[in-house]
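Engineer: Give me the fold of what follows.
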Amino acid sequence: MSLGHACVDVYQGAVAALVPFFVAERAYSYAAASGIVLAASLLSSVAQPLFGVLTDRFAMPWLLPLAAAASGAGIAVSGIGGSYPLTLAAVAVSGLGVAAYHPEAARAARAASDGRHTAMGWFALGGNVGFALAPPLVAAVVATWGLRASPLLGLPALAGVALCGAAMRSAAGRAGSVPVTDEGAEGAGRDDWPAFLRLSGAVVCRSVVFVGLSTFVSLYVRQRTGGGAAAGTAALCVLYAGGAVGTLAGSRLAGRWGRLRVVRHSYTVTVLAVAGVVLVPGPPLYLFVALASAGLYVPFSLHVTLGQDCLPRRMGTASGVTLGLTVSIGGAAAPALGALADATSLRTGLLPLLIPPVVARFLLRGLREPVTATTAPVAGSRA
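Structural biologist: I've put the predicted structure just below:
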């Protein structure tokens, strides 16, 4: 499941990694380039909760290989031709594939993990590794042969289809296609919608910062350090690669200190890190990009399990929202940041990213750890 997650999420990271090349080869403005990020996330934001509702009713493991294929196909054709509308359509197809994948994959991973934070951390780690691999993969292909070589970016999807097919067969062997209904979840606990909505608001705030940095940090570092494409790619790699450490650290810290306490502190760190990214010049900028990565990724898998525990009777819906809708909404802010950057400067365009972590910290204030049948045995565990 974790490896399959990596093969799918490489295409989420690939969208932002392609932005500098669209700007360089097609002379897109910041607003137009960020519109591509929005196209990848907009369809996903609408579709992912719908897929979540379906997976609450039925086990749908066959979605996994189909979604992996769609996510790769969209990115593979995104660089062909020069039509802006066709590029938007291609990345939208990729976003739909991502939307179809996450709710069913998160549900299956939670079932396989028996509710353990660390096991879900490994599943989230797979996605973060995929994100981290996207910039060097895109750079290796597009910097060498140009956007016309984008079909080569579809190769990881082939591995993803094979891995997801294996996961599908495993899921079929364990549970067949037994419907997952509300009646079957009566012993799981009560849904706490107010807490879930507050948590979702915090995830939206995280998403705005993460998507904003993902979209512009490569271009910004080039400007601030005087480096070329390699400097920008390195910054994006740092932003994504920090997720590997942050995700696992988050699951382990949560076992010791509790999920909500860890999540709250991570947003405090994020405020300081984003301030450093915006204000500190030169090579030290990379340190603050790494710190921002840690602040944004430590709560990543914790958001998912908290959401599932807030809605124990609707885990597919919870996964679709925390992994999809709220994450994708962040893409809607990217064009606004791009427009501000076009009107002023890229540095000024990034300044609004200081606000969302503060809002997230406020939303989580006073929120209590959900207690369910799945989390109760884990509360004192450090596994």
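Engineer: could you pull out the helices for the stretch 51-200 of the chain?
Structural biologist: Assigned by DSSP state H, counting those that start in this stretch, the stretch 51-200 of the chain shows helices spanning 63-78, 84-113, 117-145, 155-175, 193-225.
Engineer: Let me know which of those helices is the nearest to Ser251.
Structural biologist: Across the helices of the stretch 51-200 of the chain, the minimum distance to Ser251, taken as C-beta to C-beta, is reached by helix 117-145, at 3.1 Å. In short, each C-beta sits where N, CA and C put it, glycine included.
Engineer: rewinding a little: for the helices of the stretch 51-200 of the chain, give me a markdown table that also has distance to Leu364 and mean pLDDT.
Structural biologist: Compiled in a markdown table, the helices of the stretch 51-200 of the chain are given as follows (distance: least, C-beta to C-beta, whole Å; pLDDT from 0 to 100):
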| stretch | distance to Leu364 | mean pLDDT |
| --- | --- | --- |
| helix 63-78 | 31 | 92 |
| helix 84-113 | 21 | 83 |
| helix 117-145 | 17 | 82 |
| helix 155-175 | 33 | 78 |
| helix 193-225 | 5 | 91 |
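Engineer: Quick check: which of those is nearest to Asp9?
Structural biologist: Where the helices of the stretch 51-200 of the chain are weighed against each other on C-beta to C-beta, the nearest is helix 117-145, at 3.5 Å.
Engineer: Please name every helix or strand in contact with that closest one.
Structural biologist: Under the contact criterion of 3 or more C-beta pairs under 8 Å, 6 or more residues apart in numbering; DSSP states H and E, helix 117-145 touches helix 2-26, helix 84-113, helix 229-257, helix 300-310.
Engineer: could the helices of the stretch 51-200 of the chain go into CSV alongside distance to Ala16?
Structural biologist: Output for the helices of the stretch 51-200 of the chain, formatted as CSV (distance: least, C-beta to C-beta, whole Å):
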stretch, distance to Ala16
helix 63-78, 12
helix 84-113, 11
helix 117-145, 8
helix 155-175, 16
helix 193-225, 4
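Engineer: Please tabulate those helices in a markdown table, including the columns mean neighbour count and distance to Leu291.
Structural biologist: Listed next are these as a markdown table, based on neighbours: other C-beta atoms under 10 Å; distance: least, C-beta to C-beta, whole Å:
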| stretch | mean neighbour count | distance to Leu291 |
| --- | --- | --- |
| helix 63-78 | 24 | 29 |
| helix 84-113 | 23 | 27 |
| helix 117-145 | 22 | 16 |
| helix 155-175 | 18 | 29 |
| helix 193-225 | 22 | 12 |
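Engineer: Minimum distance to Leu285: which of those helices has it?
Structural biologist: Between Leu285 and these, the shortest separation by C-beta to C-beta is 5.6 Å, and it involves helix 193-225.
Engineer: can you give me the angle the closest one makes with helix 300-310?
Structural biologist: Between helix 193-225 and helix 300-310, the angle comes out at 170 degrees (axes from the mean of the first three to the mean of the last three C-alpha atoms, to 10 degrees).
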